[in-house]
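Q: Return a 3D structure for these sequence lines:
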Amino acid sequence: MEKIKEYWQIMKQFFREVRVELKKVTWPSRKETIASTSVVLVTVILVAFFLGIVDLGLSRLIKIFLD
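A: I've put the predicted structure just below:
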């Protein structure tokens, strides 16, 4: 029973420390979040497009060598 109380105290202390650390965080504004998300989405689309073209080119190259 003593170990359960000790564990409970450790958990409470952990969550107190988490709360203190979260108060130190500088959260981005809505505008910053939208801008960052847009950059990520555009980058992902460009990389996917590039990799698709490379894959298509390599597939055709392999077909030429295997035929």
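
Q: what's the offset of the helix ranked longest in the chain from the middle of its chain?
A: Using DSSP state H to define each element, the chain has its longest helix at helix 30-66. Relative to the centre of its chain, helix 30-66 is centred 18 Å away, using C-alpha atoms, centre = their mean, to the nearest Å.

Q: Could you pull up the mean pLDDT of it?
A: Across helix 30-66, the average pLDDT comes to 97.

Q: Show the model's pLDDT score for residue 2.
A: The confidence metric pLDDT takes the value 85 at residue 2.

Q: That one - how many residues pack around it?
A: 6 (other C-beta atoms under 10 Å). For the C-beta atoms, the positions are set from N, CA and C on the backbone; glycine is no exception.

Q: what residues are up against it?
A: Neighbour list for residue 2: empty [criterion: C-beta atoms under 8 Å, 6 or more residues apart in numbering].

Q: gap between it and residue 36?
A: Using C-beta to C-beta, to the nearest Å, residue 2 is found at 48 Å from residue 36.

Q: how near is the most centrally placed residue in the chain to residue 28?
A: Centroid check for the chain by C-alpha atoms, centre = their mean gives residue 40 as the closest residue, at 10.4 Å. In this view, residue 40 and residue 28 are 13 Å apart by C-beta to C-beta.

Q: My guess is residue 28 contacts residue 36. True?
A: Yes. Using C-beta atoms under 8 Å, residue 28 is in contact with residue 36, at 7.1 Å.

Q: and the residue nearest to the centre of the chain, what is it in contact with?
A: So residue 40 contacts nothing (C-beta under 8 Å, 6+ apart).

Q: Repeat that for the one 10 residues further on.
A: Neighbour list for residue 50: empty [criterion: C-beta under 8 Å, 6+ apart].

Q: Could you measure from it over to residue 33?
A: Going from residue 50 to residue 33 by C-beta to C-beta gives 26 Å.

Q: Check the gap between residue 52 and residue 4 for me.
A: In terms of C-beta to C-beta, residue 52 sits 56 Å off from residue 4.
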